[in-house]
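Enquirer: Sequence and computational prediction follow.
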Amino acid sequence: MNYLLVKHLHVSAATLSIIFFVVRAWWSVTNSARLQWRAVKVLPHIVDTVLLVCGVILTVMLGGLRPWIVAKLIALVLYIVVGTVAIKRGKTAFTRGVAALVAIAIFFYIVGVALAHNPMSWLS
C-alpha cells in the first residue's frame, strides 16, 4: 500500500470528521431536527471508520505503536466520550456547547500530535 495515499485519505477523513462533528454539535446545541436525518446519523460513522482504518494501516506502516501514536489514541477515546456529551448525552444546551468546545480542543491536540510526532502536541 502507498503510504502517501493512506496518509492523505486519513487527513481527508479527519477533516470531514471534524466538519461533521462541528455541524452536528451546533445542531445539538440549537435542538435542530436535522440531527434526526438518516444521512446525518450514518455519514459520520462511515467517515470515522475510514479514518480509523487508515490510522491502523499507518500505524502498521510506521512500525507499530510509538509514544505519539499512543497519545493520539488516548486523546481519541477522550474525544469520543466528550463528543457523545456534546451531541447526545448532554442534558442542557450549555452542557452540550461546552462539551463541543472541549471536544474540538481535543481534536486539535490530536492534530498537533500528528504534525509534531510528539505527545506534547503544539508545545513541542
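Expert: Now that the structure is in, tell me what you want to look at. Residues are numbered from 1 along each chain as shown.

Enquirer: Could you point out the longest helix of this structure?
Expert: If you go by DSSP state H, the chain has its longest helix at helix 3-29.

Enquirer: Output stretch 84-98 in CSV, but only the C-alpha positions, please.
Expert: Provided in CSV are the C-alpha atoms of stretch 84-98 (Å, rounded to 0.1, in the frame of the first residue of the first chain):
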residue,chain,number,x,y,z
THR,A,84,-21.1,12.0,22.9
VAL,A,85,-21.9,14.5,25.6
ALA,A,86,-21.8,17.3,23.0
ILE,A,87,-24.2,15.6,20.7
LYS,A,88,-26.3,13.1,22.7
ARG,A,89,-25.8,12.9,26.4
GLY,A,90,-25.6,16.5,27.5
LYS,A,91,-28.8,17.4,29.3
THR,A,92,-28.7,21.1,28.5
ALA,A,93,-27.7,23.2,25.5
PHE,A,94,-25.0,24.8,27.7
THR,A,95,-23.5,21.5,28.7
ARG,A,96,-23.6,20.3,25.1
GLY,A,97,-21.9,23.5,23.9
VAL,A,98,-19.1,23.4,26.5
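
Enquirer: follow-up on the earlier one: how far does the longest helix of the chain sit from the chain's center?
Expert: 7 Å (C-alpha atoms, centre = their mean, to the nearest Å).

Enquirer: Quick one: mean pLDDT over it.
Expert: What helix 3-29 shows for mean pLDDT is 97.

Enquirer: List the buried residues for that helix?
Expert: Of the residues in helix 3-29, 6, 9-10, 13-14, 16-18, 20-21, 24-29 count as buried by neighbour count, 16 or more other C-beta atoms under 10 Å. Every C-beta, even on glycine, is put in place using the N, C-alpha and C of the backbone.

Enquirer: Out of these, which comes closest to K88?
Expert: Proximity of those to K88 (C-beta to C-beta) peaks at S28, which lies at 7.5 Å.
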